[in-house]
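Student: need a 3D model of the sequence below.
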Amino acid sequence: MSFPVLKKAAYVLVNTPDMVIHNGTTQMLEREQNPDSEYLKAIKSHLRSYEQVVGYAPNQTYIGNMTPEELANTAKPWHAANVEGANRFGKFGEIMPQDEFYALMKIVDVFDLVLLEESFVEGVKGKIEAHELLKDKVAALKGVEIADVEKAVKQNGAEGLYQDGKLVGCVKRAHEFDSNLSAEFMLENLAVKASGVLAAMYIIKELDVPAEEVGYIIECSEEAVGDMNQRGGGNLAKSVGEIAGFKGATGIDMRGFCAGPSHALINAASLVKSGMFKHVLVVAGGCTAKLGMNGKSHIGKDLPVLEDCLGGFAILVSENDGVNPIIRTDVVGRHTIASGASPQAVLDALVLKPLIDNGFTIPQIDKFSPEMQTSEITEPAGAGDVPTQNYKMIGALAVKAGQLDRKELPAFVKDHGYPGFAPTQGHIPSGVPIIGHGIDLMKEGKLNNFMIIGKGSLFLGRMTNLFDGISILVEKNTGKVEEEGGISKEEVKDMVADAMKDFANFLGTKVEE
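Tutor: Numbers count the residues shown, from 1 in each chain. You can find the predicted model right below:
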């Protein structure tokens, strides 16, 4: 059986302090319900500087400048000290500042919904010209007078874009009456598109196959793009591909709450495995609604507001190249309708059952990647260290199944898991952050396999009380590339050679070995 591979992964963060204040749902609701609250007054003084965001150890791990092992050995609290030599640009992507992101939102806007004040544009244009991936798109940056921005915000319902508290631009509504095309939703959708484009462009960078050979794109964020007649109809996938440069691709949006990326990855692997497409891109941008989501808990404990970044990623799934990690499409865990919603039932369906069904034990899997949220974000809010909780439950399942001795449980948690290093952007932490590091470790011979575990809360949509999840196993490539019929190239050569010998013997002619 020929399996597809994880060819490349890219990860980006966008530091958006003003968007935390103006566009995060927690802060938006607080302004509506209690505009004079002490919380709103305290936010600005609890926002980190861009340098602090770049120097944050989990962020450096997310973009590939630190390994998860190095993060595990870094003393907490991580927010208290910057990583020495921290860099904006990493092996997998970058941490973009807010002003450049506003410019990128303008670049990806094809309906002239983004207005940026002309002096702001002049100030940021040089940064875009110096950006390796964006320098060819600077012509799209055109400014307007500040009076036009102010009029759009004050009189026409536009959403303001702020830099250091100063109005520098806005996003206009796309329809006078359709709430689905309101300025709020347009800003949200343009932000997810722009961050997705940035991640996708890092996939193209130094890619060893032509971008036009990528035939399909699956966009798996949590935003719904559409109007009053087809809410959520899409298509962010093609809109990202259009700007990023995937000219030969079609595609579709796929939604599954936090489990969306894992569902998208499995669908991408299936499309490649079937032979329908040679290369499929899975991509997702960040969620403005979740900026500062736990801000009240952070400020209440005198911490910085740590949810100050949009997240994005892109993963290229390709036909087997004999080098990159293979996606075992035959080892898939499914949380079915009948599985049950308890944590044990969920992990039994996603981890234990698919492994047992395919002859594996839990300890035979080197690493598990469940919900990889940064613990410093979730612990102050009362959710605990989410990845560690998952590792403990997975280890407990192994003990219950007789695959692990109870006294080995503490070591299991350390040996088979990584500390969380992803922002709480909903879909971003769920399983896929391990892929970039996993590809590198497998190529270096330091990892044999890992399991991606996506979990989602379907009850948030008020259509069902069900939980959701899906998982898949990734293995080191053996280097043996199989053809459609399940026979490797080497086996084909041997069969041809044997056939030639048989034919020569039939003719009475000796064939040289």
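
Student: next SSE after the helix of greatest length in the chain?
Tutor: Looking across the chain with DSSP state H, the single longest helix is helix 183-204. For helix 183-204, the following helix or strand on the C-terminal side (DSSP states H and E) is strand 216-219.

Student: what's the spacing between that following strand and its chain's center?
Tutor: Relative to its chain's centre, strand 216-219 lies at 13 Å (C-alpha atoms, centre = their mean, to the nearest Å).

Student: quick one, the very next helix or strand once past that strand and helix 183-204 angle?
Tutor: Using DSSP H and E, the helix or strand that directly follows strand 216-219 along the chain is helix 236-244. Relative orientation of helix 236-244 and helix 183-204, computed by axes from the mean of the first three to the mean of the last three C-alpha atoms, to 10 degrees: 60 degrees.

Student: quick one: contacts of helix 236-244?
Tutor: 107-108, 110, 137, 189, 192-193, 196-197, 200-201, 203-204, 214, 217-219, 221, 223, 225, 247, 249-253, 281, 283, 285 (C-beta atoms under 8 Å, 6 or more residues apart in numbering). Glycine gets a C-beta too; all of them are placed from N, C-alpha and C.

Student: may I have the beta-bridge partners of the spatially most central residue of the chain?
Tutor: In the chain, the centroid-proximal residue (C-alpha atoms, centre = their mean) is residue 313; its distance is 3.6 Å. Assessed by DSSP bridges, residue 313 has beta-bridge partners residue 11, residue 284.

Student: for residue 15, same thing?
Tutor: Residue 15 has these beta-bridge partners by DSSP bridges: residue 309.

Student: which residues in the stretch 301-450 of the chain form helices?
Tutor: Taking DSSP state H, counting those that start in this stretch to define them, one finds helices in the stretch 301-450 of the chain at 343-347, 353-357, 375-378, 386-400, 409-415, 434-443.

Student: export the ones you listed to TSV and tack on distance to residue 306?
Tutor: Below are the helices of the stretch 301-450 of the chain laid out as TSV (distance: least, C-beta to C-beta, whole Å):
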stretch	distance to residue 306
helix 343-347	25
helix 353-357	34
helix 375-378	5
helix 386-400	14
helix 409-415	23
helix 434-443	21
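
Student: relative to residue 96, which of these is closest?
Tutor: Counting by C-beta to C-beta, residue 96 lies closest to helix 434-443 out of these; the figure is 17.3 Å.

Student: just give the number of residues close to the closest residue to residue 345 other than its chain neighbours.
Tutor: Closest residue to residue 345 apart from its sequence neighbours, by C-beta to C-beta, 6 or more residues apart in numbering: residue 339 at 5.6 Å. Under the neighbour criterion other C-beta atoms under 10 Å, residue 339 is assigned a count of 19.

Student: can you give me phi and psi for residue 339?
Tutor: Backbone torsions for residue 339, taken as degrees, to the nearest 10, come to phi -70, psi -30.

Student: shouldn't it be in contact with residue 346?
Tutor: Yes - using C-beta atoms under 8 Å, residue 339 is in contact with residue 346, at 6.9 Å.

Student: could you tell me which residues touch both of these two?
Tutor: residue 467.

Student: what strand or helix carries residue 31?
Tutor: helix 25-33.

Student: which positions within that helix qualify as buried?
Tutor: By neighbour count with 16 or more other C-beta atoms under 10 Å, helix 25-33 contains the buried residues 26-28, 30.
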